[in-house]
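Undergrad: with the input below, show me the fold.
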Amino acid sequence: MDKFKAMETFVRIVEAGSLSGAAGRLGTSLAAVVRSLAALERSLGVRLLNRTTRRIALTEEGREYLERCRRILAEVEEADAALSDRRLRPSGRLAVTAPVMFGRLHVAPVLTEFLVAHPEMRADLLLVDRVMDLLEEGLDLAVRIGALPDSSLVAKPVGSCRRVLCASPDFVAAHADQLRQPDGAQPLKAVHFAGLDSGHEWTLARGGPPVRIPLAEVFSTNHVDAALEACRKGLGCGRFLSYQVRDDLAAGRLLRLWPEWEPEAVPVQLVFPHSRLLSVRVRAFVDWAEPRLTARLGDELIQAGVGSPSTPKV
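TA: Numbering: from 1, shown residues only. Presented below is the predicted three-dimensional model:
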């Protein structure tokens, strides 16, 4: 058995999500992929994948072995690149994931520019408002907002954003007395974006005891654009991340409420596995995206009025 080839086949199976998909990527037959995986599992004495008629899933041993295989394959790719011009001209396919709205506003333009500058590259961009397992989903890189609990991944900060409480000018005018200061005395009409909060209450703090604001939920949705539109129409207050309301704040369609009570900013990070042995294509994109996303986020905080004394207050 060609151990290196078997390791590559195993990685491609995981990335493709199926044996037949791996066969297509490798340009070989399904039978050859099945034989290669079976021989690899026999030689290791463990099962790497649990297989059903519908899907495959990594075992614990398979997850650990996958990480080591990717490191070995990346090291071989690095060695090949050192003897060619691929370091200057990255090629191949890059798989990236990001939150839906952040990806649409920031990641997609940066990735598109990267592909224009590197015509031998291809890319898949998966926009979802949930944390994806990079190894299990066959992804090269993610953009994540918030702290990184998984120490097996490497994070490169590109900026920060914060939770912003806001409402339409009409809503602010109609509820001026209640919105003068957060006190939690009565429920606040709220538009709930399910991707960010639980929806039962909002907790605000300013160095002292937190204030819990009960919510009278008027509208709830898991789609940020729908929540923003409801907030613009004056259905209630909404809490969003600063990049999500950047344009609305700049245009005056929404006003920030109680900015001095906003929580600390959270990091926006490029996240990827295997810091020591990145593939050429991943390293090239990280080097490209880091300064460009940093510039975009810096501009965004200015446009959104975060930290600006001219930000409208109730």
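Undergrad: residue nearest the centroid of this structure?
TA: Centroid check for the chain by C-alpha atoms, centre = their mean gives residue 98 as the closest residue, at 3.2 Å.
Undergrad: pretty sure that one contacts residue 107?
TA: Yes - counting by C-beta atoms under 8 Å, residue 98 touches residue 107, with 4.3 Å between them. Every C-beta, even on glycine, is put in place using the N, C-alpha and C of the backbone.
Undergrad: intersection of neighbour lists for these two?
TA: Common contacts of residue 98 and residue 107, defined by C-beta atoms under 8 Å, 6 or more residues apart in numbering, comprise 125, 127, 143.
Undergrad: where exactly do the strands run in the stretch 201-314 of the chain?
TA: 201-204, 211-221, 237-241, 255-256, 266-273 (DSSP state E, counting those that start in this stretch).
Undergrad: model confidence over the third one, on average?
TA: Spelled out, it's strand 237-241. Mean pLDDT, strand 237-241: 93.
Undergrad: list the neighbouring strands of it plus their orientation.
TA: The strands that strand 237-241 pairs with in its sheet are strand 163-167 (antiparallel), strand 188-193 (parallel) (by DSSP bridges).
Undergrad: thinking again about what came up before, rank the strands of the stretch 201-314 of the chain by pLDDT, which is bottom?
TA: strand 201-204 (a mean of 85).
Undergrad: what are the buried residues along that strand?
TA: 201-202, 204 (16 or more other C-beta atoms under 10 Å).
Undergrad: list the strands paired with it, with their directions.
TA: strand 211-221 (antiparallel).
Undergrad: buried residues in the partner strand?
TA: 211, 213, 215, 219-221.
Undergrad: same question for stretch 248-258.
TA: For stretch 248-258, by 16+ other C-beta under 10 Å, it's 248-249, 254-258.
Undergrad: out of those, which one sits closest to residue 226?
TA: residue 248 (13.9 Å; C-beta to C-beta).
Undergrad: what's the closest non-adjacent residue to the closest one?
TA: Residue nearest to residue 248 in three dimensions, not counting chain neighbours: residue 254, with 4.1 Å by C-beta to C-beta, 6 or more residues apart in numbering.
Undergrad: mind listing what the one you found touches?
TA: 166-168, 231-232, 238, 245, 248.
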